[in-house]
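Asker: mind looking at a prediction? Sequence and model below.
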Amino acid sequence: MLIGALACNASSARDGDPGVGAVQSCDHLASASWDPDAPDAQRTVNFRDLRAGAAIAACRAAVAEAPRLRRLHFQLGRAYDRQGANQDAFEAYRRAAELGSGAAKVNIGILYQQGRRFEKSDAKARARFRDAAETGIPEGMYCYAVALDNGIGGSPDAAAARTWYVKAA
């Protein structure tokens, strides 16, 4: 599964005065390189290398300490996603998206598009990709362009797809 994480605006670990240990642990175990909220782009984890059990435990503790940090919800979602717990992943991504994470919107779109152990809906996937694209995240722009180009969740629109491909690049 492609799901990783995408988010806007880096948040400070001081939001809600969290314990830095849990937040740093979650960041270290589940941060995605393409997430603009990731605190250190040099210390991220590829989805295939993510150790779900350890990341879930660390990110749940971090979310409990700093519930307003959207990147933590996104990272918790990645960990659940890696484990194959797609409903739990969706809930974590949904909360991150509510807090403004474009990365989470991309991953929600992917959950809908793939439909593995989750509701299959190309129309909902396309809508989430559009929402992510409009936040300015290149991964969201690309996914939306692909949906437009291939008629996923609606009619194909080659001109609009080209526009979004260019923006994503």
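Answerer: Yep, it's here. Residues are numbered from 1 along each chain as shown.
Asker: looking at it, Thr135 is touching Ala104, isn't it?
Answerer: No. Thr135 is not in contact with Ala104 according to Cβ atoms under 8 Å; the separation is 10.0 Å. Where you see a C-beta, it was placed from the backbone N, CA and C, and this is true even at glycine.
Asker: which one's more surrounded, those two?
Answerer: Ala104 (37 against 21; other Cβ atoms under 10 Å).
Asker: distance of the residue nearest to the more buried one when sequence neighbours are not counted from Thr135?
Answerer: In this structure, Ala104 finds its nearest non-sequential neighbour in Ala96, 3.6 Å apart by Cβ to Cβ, 6 or more residues apart in numbering. In this view, Ala96 and Thr135 are 12 Å apart by Cβ to Cβ, to the nearest Å.
Asker: what sits against the residue nearest to Ala104?
Answerer: 7, 70-71, 73-74, 77, 103-104 (Cβ atoms under 8 Å, 6 or more residues apart in numbering).
Asker: tell me the helix or strand right after the helix or strand harbouring Leu111.
Answerer: According to DSSP states H and E, Leu111 maps onto helix 102-114. Next along the chain after helix 102-114, taking DSSP H and E as the criterion, comes helix 122-134.
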